[in-house]
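> Based on what follows, work out the 3D shape:
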Amino acid sequence: MVDTHDRLRIDKWLWQARFVKSRPLAVTLISGGHLRVNGQKVIKPGRAVGPGDVLTFALHGQVRVVRILACGTRRGPASEAATLYELIEGRAPETENA
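Numbers count the residues shown, from 1 in each chain. Take a look at the predicted model:
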């Protein structure tokens, strides 16, 4: 059985990991069909993700591929957000834009 604390809505995770500035922007990204979870297109922002899931999305003209390492509990500083994922391809979000 999967512990519910190990899963989080994808829109909230993108916001906590500082890839987007707000949850509504995350919803727009997801609803627009610009995000894949483990290779499958996702259009519902309520989709639960957790450690081990691989996200592929285009943001600011660059494709980013990240593996989720943790869900987190809040939107903390950039140093804390960086512990939530492993960058596979692309670049990490810039601190001043987050």
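> Which secondary structure elements does the helix or strand of the chain with the lowest mean pLDDT sit against?
Within the chain, judged by mean pLDDT, DSSP states H and E, the helix or strand with the poorest mean is strand 85-89; its value is a mean of 90. If you count contacts as 3 or more C-beta pairs under 8 Å, 6 or more residues apart in numbering; DSSP states H and E, strand 85-89 packs onto strand 62-68. Placement of C-beta: from N, CA and C, glycine included.
> try it again with 10 Å
Other elements packing on strand 85-89 under the criterion 3 or more C-beta pairs under 10 Å, 6 or more residues apart in numbering; DSSP states H and E are strand 54-59, strand 62-68.
> Columns mean pLDDT, distance to Leu84 and mean neighbour count on top of those, output as CSV?
CSV is the format used below for the helices and strands packed on strand 85-89 (pLDDT from 0 to 100; distance: least, C-beta to C-beta, whole Å; neighbours: other C-beta atoms under 10 Å):
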stretch, mean pLDDT, distance to Leu84, mean neighbour count
strand 54-59, 94, 11, 18
strand 62-68, 94, 7, 16
